[in-house]
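Chemist: sequence first, predicted coordinates after that:
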Amino acid sequence: MNRTLEINNLTKKYNNNRGIENVSIEVNQGDIYGFLGPNGAGKTTAMKIMTGLLMPDSGDIKVFGYNLYENYKKIMKNVGCLIENVDLYTYLTPYKNLKLAGRYYSINDTRIHEVLNITGIYKYKDEKVKNFSLGMKQRLGIAIAILHNPKLVILDEPLNGLDVEGMIDMRELIQKLSIEEKVTFFISSHLIHDVELTCNRIGLIYKGSLVNSDYTEEILKSHSSLEKYFISEVNYNNERN
């Protein structure tokens, strides 16, 4: 099986002693990997390092089998990401935002219209983004992330701000791209139920450390829900420390 992402002993500490320590993760092609943890657990720090926005104190990352920092430009041509806030031109329309983003990859209008449809915002393509709800801006951010047909998509809290219908639509989109296009997803979230329904593999991060990582199917063989699994793993971790 092809390995899309390898993270080995990744450590990044801040002055307040928060951050991540010795995080190691393996993600295979076509996986939907859920990076689950409470706010402040280190999810965003790890994802910023994965996308080259932060340098680690130690550890290394391979994407598509190549060292991230030695082959950064080559790798990022096939990576889409949405980290923290969606950065949009709010005085422009969704279509024009995508048109601008597409210049870096020579994207044509056919693909722009396709992602507008995929993310459910085609009918709003000529409205000003400044009038959009948080959920609509989130959809547009994801449209930009997948615009250039990346092989790996890294999404930081992609379901934030979406209503129930939007969450279901986004879940179906992610799973469809994973199955049909073999796109690999790395998704952070603190929404346990949605991670359980969306992801085939799950890594639990707590207080900057990866507590455990396993296939969702295997977890649910021994626990009635992901929530109970999370609680038991966190309690065990607290007892050890």
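Modeler: Now that the structure is in, tell me what you want to look at. Numbering: from 1, shown residues only.
Chemist: after the longest helix seen in the chain, next one along is what?
Modeler: Selection of the longest helix in the chain by residue count, based on DSSP state H, yields helix 164-180. Scanning forward in sequence from helix 164-180 by DSSP states H and E, the next helix or strand is strand 184-189.
Chemist: could you identify the helix or strand that succeeds that next one?
Modeler: Next element after strand 184-189 (DSSP H and E): helix 192-198.
Chemist: show me what the longest helix of the chain is packed up against.
Modeler: Where contact means 3 or more CB pairs under 8 Å, 6 or more residues apart in numbering; DSSP states H and E, helix 164-180 is packed against strand 32-36, helix 134-146, strand 184-189, helix 192-198. C-betas here are computed from N, CA, C, even on glycine.
Chemist: out of the ones you listed, nearest to residue 60?
Modeler: Evaluated over the helices and strands packed on helix 164-180, closeness to residue 60 peaks at strand 184-189, with 16.6 Å, by CB to CB.
Chemist: still on that earlier bit, please identify the most buried of the helices and strands packed on helix 164-180.
Modeler: Burial of the helices and strands packed on helix 164-180 is given as mean neighbour count (mean count of other CB atoms under 10 Å); strand 32-36 ranks first at a mean of 27.
Chemist: what inclination does it have with respect to strand 184-189?
Modeler: Angle of strand 32-36 versus strand 184-189, following axes from the mean of the first three to the mean of the last three CA atoms, to 10 degrees, is 20 degrees.
Chemist: which residues touch strand 32-36?
Modeler: 5, 25, 27, 43, 46-47, 174-175, 178, 184-190, 192, 195, 198-205, 216, 226, 230 (CB atoms under 8 Å, 6 or more residues apart in numbering).
Chemist: rewinding a little: mind exporting the C-alpha coordinates of the longest helix of the chain to CSV?
Modeler: This file holds the C-alpha atoms of helix 164-180, laid out as CSV (Å, rounded to 0.1, in the frame of the first residue of the first chain):
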residue,chain,number,x,y,z
VAL,A,164,-26.3,19.7,9.8
GLU,A,165,-27.0,19.5,6.1
GLY,A,166,-23.7,21.1,5.3
MET,A,167,-21.9,18.6,7.5
ILE,A,168,-23.5,15.7,5.8
ASP,A,169,-22.7,17.1,2.3
MET,A,170,-19.1,17.7,3.3
ARG,A,171,-18.8,14.2,4.7
GLU,A,172,-20.2,12.7,1.5
LEU,A,173,-17.8,14.8,-0.6
ILE,A,174,-14.7,13.8,1.4
GLN,A,175,-15.7,10.1,1.2
LYS,A,176,-16.5,10.3,-2.5
LEU,A,177,-13.1,11.9,-3.3
SER,A,178,-11.3,9.3,-1.2
ILE,A,179,-13.0,6.3,-2.8
GLU,A,180,-13.3,7.5,-6.4
